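1. requesting a structural model of the entry that follows:
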Amino acid sequence: MRIILAISIGLLVLNCHAQNENPSIRNLLLEQLKHTHNKEDWFAPINMALDGVTAEQSNWRDNSENHSIGQLVSHLIFWNERVLNAFEGNTLPDFNDDNNTTFKQFKGEQWPLAIRKLDSIQTEWEQKVIAATEEQLNEWSSNIVNVCSHNAYHTGQIIYIRKRNGWWRKME
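-> From the prediction side, this is the model:
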């Protein structure tokens, strides 16, 4: 785990140096949070991946046990919010360690609310990192990097579903 974190932070430092930014932990984490939220860089962020997805599309599943876009969004909401609450020092609600319960479907009007909730949680993550103490950032940097990696992983799945079904943007 420490090797992966060191590699991740090393790559982030190189990226910040290339952009002539101060490669502080705060800047690195904030950059990655934004790149997995709403700032396109090496890959499309979640806001772009979800742009234009309808409630009907969000519930589409192939004939396997793969998750739908909506289920992936539900899962991201659950984990982003849970880790954010822990970061804030809040007492977390009981969780039975059954990750399958985090993949929920959305109906009609629930879908745009889910997209807004995920966006709001990710915005809050960015604000909390800006306001965090150096001690918090040092203690939580590994968890925050994992949140970003987790977001990027599931964003890729969402884009794959969209491409598979012809719902992804056409590249110029």
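2. need the longest helix for the chain.
-> The single longest helix within the chain, with elements called by DSSP state H, is helix 134-164.
3. for that helix, name the packing helices and strands.
-> With contacts taken as 3 or more CB pairs under 8 Å, 6 or more residues apart in numbering; DSSP states H and E, helix 134-164 sits against helix 2-18, helix 25-35, helix 46-50, helix 69-87, helix 110-131. Bear in mind the C-beta positions are built from the backbone N, C-alpha and C, glycine included.
4. in it, which residues are buried?
-> Of the residues in helix 134-164, 136-137, 140-141, 144-148, 150-152, 154-155, 158-159, 161-162 count as buried by neighbour count, 16 or more other CB atoms under 10 Å.
5. ditto for stretch 119-129
-> Quick answer for stretch 119-129 (16+ other CB under 10 Å): 121-122, 125, 128-129.
6. Serialize these to JSON lines and add fields for distance to W167 and pLDDT.
-> Output for the buried residues of stretch 119-129, formatted as JSON lines (distance: CB to CB, whole Å; pLDDT from 0 to 100):
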{"residue": "I121", "distance to W167": "24", "pLDDT": "98"}
{"residue": "Q122", "distance to W167": "22", "pLDDT": "98"}
{"residue": "W125", "distance to W167": "27", "pLDDT": "98"}
{"residue": "K128", "distance to W167": "33", "pLDDT": "98"}
{"residue": "V129", "distance to W167": "32", "pLDDT": "98"}
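7. now the two most distant members of these.
-> Across the buried residues of stretch 119-129, the longest distance by CB to CB is 12.9 Å; it joins I121 and V129.
8. between those two, what contacts are shared?
-> Counting by CB atoms under 8 Å, 6 or more residues apart in numbering, I121 and V129 have no common neighbour.
9. so, low pLDDT: which residues of the protein?
-> 1-22, 170-172 (pLDDT under 70).
10. nearest residue to the residue nearest the centre of it other than its sequence neighbours?
-> Nearest to the mean C-alpha position of the chain, by CA atoms, centre = their mean, lies N151 at 2.8 Å. Using CB to CB, 6 or more residues apart in numbering and skipping residues adjacent in sequence, the residue nearest N151 is T36, 4.0 Å away.
11. so who does that neighbour touch?
-> 45-46, 122, 148, 151-152, 155.
12. closest to N27 among these?
-> C148 (13.6 Å).
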